[in-house]
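# Fold the following, please.
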Amino acid sequence: MIRKALPLLFLALAVGGVRAIRRQQVRPTPPPPLLAAATLADAATHPEPPGTAPLLEALRADLQVHRQLIVLFADEANLKGPGLEQALAVGHRLHHERRDLVHQLNGALTRLAAQPPAQRDPVVGALLDWMEADPELLELDRLAFRDSLRVLQKPLRGDTTPGGVLLNRRLARDLAEVDRVEALVETEYQRVFGGPGHPARGGQRESWNAYVAELQRHLSLDTLLKGAAIPSPAAGLVGSGEINGTELPEKVLILSFDDGPHRVYTEEIKAILEKEHVPALFFEVGRNLGSQDASGQIKLGPLAAYTEDLVRSGFVVGNHSYTHAQLSRESGTPLDLEIRETDQLLRAIPGAHSQLFRFPYGARTPLQLQALEAYHLRSVLWNIDSLDWADPVPSSVADRVLKAIAHEQRGILLFHDIHDRAGKVLPLLIPKLRAMGYTFAGLDGEGRLRVEDRP
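Residues are numbered from 1 along each chain as shown. Predicted coordinates:
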């Protein structure tokens with residue numbers, strides 16, 4: 001009874017938040033991402049999509065995590081040793097919470113976009129009103145809105161109703177504003193640090209530094225670092241047969257993408273890889289693909305079509321658990337379900353099943369590795385983390401990857417296909433790395449090295 005009442009309580013709090021916005025008074029702190037996700041998950045059990053209040057609260061909670069990640073890694077250049085590990089651990093916890101929220105938010109926005117204009121247009125309009133004009137939003141906050149705007153835009157594109165035409169114009173205008181802000185911080189970054197084909201010219205990141213300073217006035221780094229943490233990836237466990245990238249030949253790289261498939265970005269990343277003739281691995285979360293009922297019946301969802309398309313194009317897909325849980329805390333039946341349900345969903349998609357498994361956050365112990373054996377799965381980690389989940393500036397992501405590659409000289413790169421950063425940096429990174437003598441390889445479904453680079 002208490003669990004059923006909680007979403008109603010969160011909804012009531014969200015309504016109060018919306019009323020406060022309309023009065024332009026001081027608003028309550030956004031609910032934690034998992035509470036906002038719970039509200040949307042409850043709404044998903046009803047035939048009608050959620051209204052303005054829970055969606056607005058979800059967007060606010062997502063923005064709050066975006067801001068927290070910015071503060072957490074604002075001094076990344078000086079984070080070393082235990083300090084870096086602590087920041088990564090807390091960052092992974094925030095990423096975990098944000099993933100649950102965004103999973104529910106993307107589904108709710110997609111359902112909303114499919115509603116008749118009379119139900120859809122006022123809610124979408126109210127969400128855009130907030131993004132466009134709320135006085136408490138900062139200019140660079142708009143970087144957090146791109147993914148939600150694009151999820152809304154895709155099903156609305158081509159809608160010729162009067163309301164649909166108006167919404168498409170607003171979405172295009174809002175995305176253009178995100179592009180403008182991104183170009184601003186990109187130009188600053190390249191001027192100060194340089195980039196592929198852009199020598200550093202010095203100076204300061206005025207807009208970015210001002211944004212970080214404003215966030216730090218309200219968000220305490222010390223408070224963030226006290227948060228309960230998901231451990232960062234441990235070193236490879238001896239004798240486990242894991243693949244982590246350090247065993248690759250010199251100047252051989254493997255691209256990998258976690259957490260998809262996504263309604264927008266998986267297809268875009270696939271198109272880039274095909275154009276460049278680069279193989280890649282996609283580690284997918286089972287709940288994105290579909291579900292399994294109590295009788296064991298598999299029901300594939302609409303996103304499974306993206307996985308089938310990846311496989312038809314020659315890419316290898318791996319198991320990334322069913323809910324992206326921290327599996328190092330699981331054992332017995334819960335652990336088995338996280339592995340088995342995604343394994344069976346992938347078997348239901350022609351050609352998608354492989355023996356590759358990636359633990360979320362790399363968090364595992366010998367107990368979890370042993371659980372893979374029943375399914376003949378092999379753990380695949382990474383040794384080069386783009387941190388694209390924490391960094392909204394593409395040039396910064398590309399610079400981080402290039403520095404890590406220069407240090408490692410080989411390895412498995414970790415990106416994500418659930419937001420736009422990988423699609424922004426790959427067209428720059430791939431030709432530059434090839435010019436530096438690197439070769440892109442893949443793994444086959446059993447984990448054997450497969451070199452197919454054809455520039």
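# Outline the domain layout of this structure.
Listed by automatic domain parsing, the domain ranges of the chain are 2-193, 252-451.
# which one of the ones you listed is the most hemmed in?
Stretch with highest mean neighbour count among these: domain 252-451 (a mean of 19; mean count of other Cβ atoms under 10 Å). Backbone N, C-alpha and C define where each C-beta goes, glycine included.
# end-to-end on it?
End-to-end span of domain 252-451 (Cα to Cα, to the nearest Å): 9 Å.
# how far does that domain sit from the chain's center?
Domain 252-451 has its average C-alpha position 12 Å from the chain's average C-alpha position, going by Cα atoms, centre = their mean, to the nearest Å.
# Quick check: mean pLDDT of it?
Average pLDDT, domain 252-451: 96.
# Can you classify the residue lying closest to residue 114 once chain neighbours are set aside by secondary structure?
Taking Cβ to Cβ, 6 or more residues apart in numbering, and ignoring the residues beside it in sequence, residue 114 has residue 155 as its nearest neighbour in space, at 6.2 Å. Taken by DSSP: H, G, I helix; E, B strand; the rest coil, the conformation at residue 155 corresponds to helix.
# So residue 155 sits against residue 107, correct?
No: in this structure, residue 155 is not within contact of residue 107 by Cβ atoms under 8 Å, at 12.0 Å.
# these two touch, right, residue 48 and residue 123?
No: applying Cβ under 8 Å as the test, residue 48 and residue 123 come out as separate, 10.7 Å apart.
# Packing partners of the lengthiest strand in the chain?
Once the chain is assigned using DSSP state E, the strand that runs over the most residues is strand 252-260. Under the contact definition 3 or more Cβ pairs under 8 Å, 6 or more residues apart in numbering; DSSP states H and E, strand 252-260 sits against helix 265-276, strand 281-284, strand 411-416, helix 421-435, strand 439-443.
# So what touches the last one?
For strand 439-443, the surrounding residues in contact (Cβ atoms under 8 Å, 6 or more residues apart in numbering) are 243, 248, 251-255, 278-281, 315-316, 356, 380, 430, 433-434, 449-453.
# middle-most residue in the protein, spatially?
Closest to where the C-alpha atoms of the chain average out (Cα atoms, centre = their mean) is residue 418, at 4.1 Å.
# Can you list phi and psi of it for me?
Reported as degrees, to the nearest 10, the phi and psi values for residue 418 are phi -110, psi 0.
# My read is that it contacts residue 98, right?
No: using Cβ under 8 Å as the test, residue 418 is too far from residue 98 to be in contact (9.9 Å).
# if we can go back for a sec, sheet-wise, list the partners of the longest strand of the chain with their directions.
Each strand paired with strand 252-260, and its direction, by DSSP bridges: strand 281-284 (parallel), strand 411-416 (parallel), strand 439-443 (parallel).
# relative to helix 421-435, how tilted is the longest one?
Our comparison of strand 411-416 with helix 421-435, counting by axes from the mean of the first three to the mean of the last three Cα atoms, to 10 degrees, yields an angle of 160 degrees.
# List of residues touching strand 411-416?
The list of residues contacting strand 411-416 from outside it, by Cβ under 8 Å, 6+ apart, reads 243-246, 248, 253-260, 380-386, 388-389, 401, 404-405, 421-422, 426.
# Read off the pLDDT value for residue 194.
Each residue has a pLDDT score; the one for residue 194 is 80.
# contacting residues around it?
Residue 194 sits in contact with 200, 201, where contact means Cβ under 8 Å, 6+ apart.
# try residue 98
Taking Cβ under 8 Å, 6+ apart, we find residue 98 in contact with 33, 62, 65.
# Any chance of TSV for those residues, columns distance to residue 141, secondary structure and pLDDT?
Written out in TSV, the entries for the contacts of residue 98 read as follows (distance: Cβ to Cβ, whole Å; DSSP: H, G, I helix; E, B strand; the rest coil; pLDDT from 0 to 100):
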residue	distance to residue 141	secondary structure	pLDDT
33	16	helix	92
62	11	helix	97
65	12	helix	96
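# Contacts only, for residue 325.
With contact taken as Cβ under 8 Å, 6+ apart, residue 325 is in contact with 334, 338, 360.
# any idea how far it lies from residue 386?
Residue 325 sits at a distance of 22 Å from residue 386 (criterion: Cβ to Cβ, to the nearest Å).
# now do residue 346
25 Å.
# Quick check: mean pLDDT of stretch 177-184?
The average of the pLDDT scores along stretch 177-184 is 98.
# still on that earlier bit, residues touching the residue nearest to residue 114, list them.
110, 113, 114.
# Phi and psi next, for the last one.
Pointing back at residue 114 there. The phi/psi pair for residue 114 (degrees, to the nearest 10) is phi -90, psi 0.
# And it, what's its pLDDT?
Residue 114 carries a pLDDT value of 94.
# for residue 23, same thing?
Confidence score, pLDDT, at residue 23: 33.
# cool, residue 80 as well?
Reading off the model, residue 80 has pLDDT 84.
# Any figure for the gap between it and residue 243?
Computed as Cβ to Cβ, the residue 80 to residue 243 distance reads 27 Å.
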